[in-house]
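Trainee: sequence? don't have it. structure:
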């Protein structure tokens with residue numbers, strides 16, 4: 001195994017639902033997570049048969 005170097009740990013996050021411990025190093029960027037409720041729950045057809053709730 002390589003020796004003689006260090007890894008710059010910037011932050012430690014707990015993803016409890018997934019069961020992960022996430023280590024953020026250096027200048028790594030993360031993507032945002034998903035919302036608790038999907039947007040599709042707000043889409044429906046009105047009485048005229050038109051789609052409502054799209055953005």
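Mentor: Everything's here; your move. Because the structure is predicted, anything quoted here is derived from the model rather than measured.
Trainee: can you give me the strands for the protein?
Mentor: Assigned by DSSP state E, the strands in the chain fall at 9-15, 20-25, 44-45, 51-52.
Trainee: what's the closest of those strands to residue 36?
Mentor: Evaluated over these, closeness to residue 36 peaks at strand 9-15, with 14.6 Å, by C-beta to C-beta. (Glycine included, C-beta is placed from N, CA and C.)
Trainee: quick check: end-to-end length of stretch 19-29?
Mentor: With C-alpha to C-alpha, to the nearest Å as the measure, stretch 19-29 spans 20 Å from end to end.
Trainee: who touches it?
Mentor: 7, 8, 9, 10, 11, 12, 13, 14, 15, 30 (C-beta atoms under 8 Å, 6 or more residues apart in numbering).
Trainee: show me what the nearest residue to the first one once chain neighbours are set aside is bridged to.
Mentor: Just to be clear, that refers to residue 7. Distance criterion C-beta to C-beta, 6 or more residues apart in numbering; nearest residue to residue 7, sequence neighbours excluded, is residue 25 at 5.7 Å. Counting by DSSP bridges, residue 25 is bridged to residue 9.
Trainee: tell me which residue lies nearest the centroid of this structure.
Mentor: Of all residues in the chain, the one closest to the mean position by C-alpha atoms, centre = their mean is residue 33, 1.5 Å from it.
Trainee: give me the pLDDT for it.
Mentor: Residue 33 carries a pLDDT value of 81.
Trainee: ok, now residue 15?
Mentor: Residue 15 carries a pLDDT value of 88.
Trainee: wait, residue 51 sits on residue 43?
Mentor: Yes: counting by C-beta atoms under 8 Å, residue 43 is a contact partner of residue 51 at 6.6 Å.
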